[in-house]
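> Generate a structure from the sequence data that follows.
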Amino acid sequence: LCRRIQKINSFRERIRVSNSDACTIIEEMYWHPLTTILVDPPYYYQGKTLYKYYYDDDSHIQLNVLLENLYHGCPGADIILTYDNSSFIRDLYIYPDTEVISRAYSI
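Presented below is the predicted three-dimensional model:
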């Protein structure tokens, strides 16, 4: 763990952490072609019980519309999007190809 933290620390000049509106940051950073954006929205099913600030259906749809428009618009940053596996989310995100990764975890 210490080595991982030190490795991350070596990239500190290239990492930006922000507590702002996700769509605003994504739109701003997308135009930097050497950027990779990790989008990790609140869980769909458990969001209300886990987070102080969670997404309702409209917020999930708004994020999807933004990402779809960027994807079909012009080339820009690479985007990695993580979500819990729900039918609402699977039906919402049809572009580009998605991959389901099974993970076991506990708190």
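> Which secondary structure element of the protein has the lowest mean pLDDT?
helix 47-50 (a mean of 83; mean pLDDT, DSSP states H and E).
> Mind listing residues that contact that one?
42-43, 54-55 (C-beta atoms under 8 Å, 6 or more residues apart in numbering). Glycine gets a C-beta too; all of them are placed from N, C-alpha and C.
> Just the CA trace of stretch 28-42, in PDB.
Extracted C-alpha coordinates of stretch 28-42, given in PDB (Å, rounded to 0.1, in the frame of the first residue of the first chain):
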ATOM      1  CA  GLU A  28     -14.100  21.300 -19.500                       C
ATOM      2  CA  MET A  29     -11.600  18.500 -19.300                       C
ATOM      3  CA  TYR A  30     -12.800  16.600 -22.400                       C
ATOM      4  CA  TRP A  31     -11.000  19.000 -24.800                       C
ATOM      5  CA  HIS A  32      -7.600  18.100 -23.400                       C
ATOM      6  CA  PRO A  33      -6.700  15.100 -25.600                       C
ATOM      7  CA  LEU A  34      -4.100  13.700 -23.300                       C
ATOM      8  CA  THR A  35      -6.500  13.500 -20.400                       C
ATOM      9  CA  THR A  36      -8.200  10.400 -19.100                       C
ATOM     10  CA  ILE A  37     -11.400  11.100 -17.200                       C
ATOM     11  CA  LEU A  38     -12.700   8.600 -14.600                       C
ATOM     12  CA  VAL A  39     -16.400   9.100 -14.100                       C
ATOM     13  CA  ASP A  40     -17.700   7.200 -11.100                       C
ATOM     14  CA  PRO A  41     -21.300   8.400 -10.500                       C
ATOM     15  CA  PRO A  42     -23.200   7.400  -7.300                       C
END
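> between the contacts of helix 47-50, which is nearest L66?
Closest approach between the contacts of helix 47-50 and L66, by C-beta to C-beta: Y55, at 12.7 Å.
> I am assuming the closest one contacts L63, so please confirm or correct that.
Yes: between Y55 and L63 there is a contact at 7.4 Å, judged by C-beta atoms under 8 Å.
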